[in-house]
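> I'd like to go over a predicted model; first the sequence, then the structure.
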Amino acid sequence: MKIQIWSDVMCPFCYIGKRRFELALQQFEHKDAIEIEWKSFQLNPNLVTDTTININQYLADIKGITLDHAKQMNEQVTQMAAQVGLAYDFDRAIVANSFDAHRFAHLAKQNSLGNEVEEALFNAYFTQGKNISDHDTLAELGKQIGLDKAEVYHTLSGNKYAVNVQQDIAQAQQLGVRGVPFFVMDNKYGISGAQEVPTFVQTIEKAYTEWVAANPQTKPEVIEGDSCEPGGSC
């Protein structure tokens, strides 16, 4: 059964939602039957990367609040992240446009490294204070998860996977997604936001039960004959 997840690298609740979803999946008996597909979303596609300010100042500017208020808001999110084992450092986080990071993620997904790249990007952004729009940074992250650095540079030097990112965003709009994270279970059930673990568990179980009923696994009737079995028994 497929579960699709729309997220943006710069969304603090997306990383928290990812971890809560993973905790729920650990409790699910049939987790090996789940296919996860990450989808791109941009909260601010017009954002210009600015390494001179941090996320606290950025939040204060876009919301029209004081810097102290912005710090208090981010501290609350930091505490929420800590509850699922994540160490956020908003003082180090760099304001960066995420479009190239999403293109990079699509390259990784083509190499069956979709979950690995999302984890690497979130960690780089929220914990390590990396500039996730910088191509050198993305190439190094690619190397860490098993991609060829030259291929990452080649991908980012042009417009490869730009259409894929735009298609993901368009699909989210068609589904009525207004914020991320957004989880879709078997194209039937949606979960908006970083919900608590029990909510994920209940929805996954419900979707999976219905998926199994609609996709019964049948075994063929076997006519026995001379054959060899694993281990050399013939």
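Nice, I can see it. Residues are numbered from 1 along each chain as shown.
> Partner strands of the helix or strand of the chain with the lowest mean pLDDT and their direction?
Lowest by mean pLDDT, DSSP states H and E among the helices and strands of the chain is strand 50-54, with a mean of 90. Next to strand 50-54 in the sheet, as set by DSSP bridges, lie strand 94-95 (antiparallel).
> residues making contact with the strand it pairs with?
Under the criterion C-beta atoms under 8 Å, 6 or more residues apart in numbering, residues 47, 49-51, 53-55, 58, 125, 129-132 lie in contact with strand 94-95. Just so you know, the C-beta spots here come from the backbone N, C-alpha and C atoms, and that holds for glycine as well.
> about what we covered before: I would like the residues contacting the least confident helix or strand of the chain, please.
With C-beta under 8 Å, 6+ apart as the criterion, strand 50-54 contacts Tyr58, Asp61, Phe90, Asp91, Arg92, Ala93, Ile94, Val95, Ala96, Asn131.
> The longest helix seen in the chain packs against which elements?
Secondary structure assigned by DSSP state H gives helix 197-214 as the longest helix of the chain. If contacts are counted by 3 or more C-beta pairs under 8 Å, 6 or more residues apart in numbering; DSSP states H and E, helix 197-214 sits against helix 12-26, strand 182-185, strand 189-192.
> repeat that with 10 Å
In this structure, helix 197-214 makes packing contacts with strand 2-7, helix 12-26, strand 182-185, strand 189-192, judged by 3 or more C-beta pairs under 10 Å, 6 or more residues apart in numbering; DSSP states H and E.
> Next, the buried residues of the third one.
Under the neighbour-count criterion of 16 or more other C-beta atoms under 10 Å, strand 182-185 has Phe182, Phe183, Val184, Met185 buried.
> and what of the last one?
Within strand 189-192, the residues that qualify as buried are Ile191, counting by 16+ other C-beta under 10 Å.
> closest to Gln110 among the contacts of strand 94-95?
Of all the contacts of strand 94-95, Gln110 sits closest to Ile132, with 19.1 Å by C-beta to C-beta.
> Done for today, thanks.
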